[in-house]
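**Q** Pasting the sequence and the predicted model now:
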Amino acid sequence: MKYYVLFGPPGAGKGTFAKLLVENHGYYHISTGDMLRKEIAAGSELGLKAKDLIEKGNLVPDDVVCGMIRSEFAANGGVRGFLLDGFPRTVAQAEALDKMLSDMGDELTRVVSIYITDEEVRRRIKGRALVENRADDADDEIISTRIKNYHEKTEPVIQYYKAQGKYFEVIADGTIPENYAKVEALVD
Ligand code: ADP
């Protein structure tokens, strides 16, 4: 089984590239952000807990997202591979993922990281706010909190995977098709 992590700051295009990889390569896409937004829309207990954190630009607790990932793995055994989009976002999540995979006798294939600058993060999220209706995209202060959380909590994950030799980075400074071609070259 292949397990890819699509990694990058908010607005890097993880969701866009994941959709294209699903269409072209048949992987199963797991987006913790999409799953959390569905829980919020459904008004579930988990959604109610997550809503406030997400709308302020903060991360939801590690055990919540790890539980979501664990049940997705358990429910989708027949697929040819998984694309994890937006997970792991902390070193604790990365460690939990390694544990889940090793318990299944498997391991992470590689991390495909999409690099854009903070300035580009702001520009992309502002663009996305015009087409998608996400509360966390609508406000400069919330975007700043997300960028800060990315640098403080998520960026250390890069070193974690570099140490395993599993970290591959794409500089996403071109058009969507150009950037996608670089991403696609890193999956099989
Ligand atoms: P983006 O990449 O634009 O930030 P996502 O859809 O991946 O968007 O995530 C939206 C929000 O959902 C995050 O800001 C965070 O609050 C929450 N979230 C998503 N994935 C995780 C995760 N792995 N750990 C903690 N919080 C998460």
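**A** Done, it's in.
**Q** what's near enough to touch the residue of the chain found nearest the ligand?
**A** Closest residue of the chain to the ligand, CB to the nearest ligand atom: residue 33 (1.8 Å). Quick note: C-beta positions are derived from backbone N, CA and C, even for glycine. Contact partners of residue 33, counting by CB atoms under 8 Å, 6 or more residues apart in numbering, are 15, 85, 86.
**Q** swap in residue 128?
**A** Contacts for residue 128 (CB under 8 Å, 6+ apart) come out as 11, 134, 137.
**Q** Distance-wise, check it relative to residue 108.
**A** As judged by CB to CB, to the nearest Å, residue 128 and residue 108 stand 28 Å apart.
**Q** and stretch 107-122, is it in reach of the ligand?
**A** No: Stretch 107-122 is not in contact with the ligand by CB under 6 Å from any ligand atom; minimum separation 8.8 Å.
**Q** circling back: so the residue of the chain closest to the ligand, which state does it fall into?
**A** Reducing the assignment at residue 33 to three states with DSSP: H, G, I helix; E, B strand; the rest coil gives helix.
**Q** So which residues on the chain come close to the ligand?
**A** Counting by CB under 6 Å from any ligand atom, the residues of the chain lying close to the ligand are 10-11, 14, 32-33, 36, 53-54, 58-60, 65, 86-87, 89, 93, 136, 146.
**Q** Quick check on those residues: which are buried?
**A** By neighbour count, with 16 or more other CB atoms under 10 Å, those hold 10-11, 14, 32-33, 36, 54, 58-60, 65, 86-87, 89, 93, 136, 146 as buried.
**Q** where do the helices sit along the protein?
**A** In the chain, the segments counted as helices under DSSP state H are 14-25, 32-42, 45-55, 62-75, 91-103, 118-131, 140-149, 156-163, 176-184.
**Q** and these as TSV, adding mean pLDDT?
**A** As requested, those are exported to TSV (pLDDT from 0 to 100):
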stretch	mean pLDDT
helix 14-25	95
helix 32-42	97
helix 45-55	95
helix 62-75	96
helix 91-103	98
helix 118-131	94
helix 140-149	97
helix 156-163	98
helix 176-184	96
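**Q** Residue 100 and residue 72 touch, don't they?
**A** No: counting by CB atoms under 8 Å, residue 100 does not reach residue 72; the two are 10.5 Å apart.
**Q** quick revisit: so which of the helices of the chain gets nearest residue 3?
**A** Ranking the helices of the chain by proximity to residue 3 (CB to CB) places helix 91-103 first, at 6.4 Å.
**Q** Output the closest one as CSV, nothing but the C-alphas.
**A** Extracted as CSV, the C-alpha positions of helix 91-103 are listed here (Å, rounded to 0.1, in the frame of the first residue of the first chain):
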residue,chain,number,x,y,z
VAL,A,91,5.2,16.3,15.2
ALA,A,92,2.9,14.4,17.6
GLN,A,93,0.5,13.6,14.7
ALA,A,94,3.5,12.5,12.6
GLU,A,95,4.6,10.1,15.3
ALA,A,96,1.0,8.8,15.7
LEU,A,97,0.8,8.2,12.0
ASP,A,98,4.1,6.2,12.0
LYS,A,99,2.7,4.1,14.8
MET,A,100,-0.6,3.5,13.0
LEU,A,101,1.2,2.4,9.9
SER,A,102,3.7,0.2,11.7
ASP,A,103,0.9,-1.5,13.6
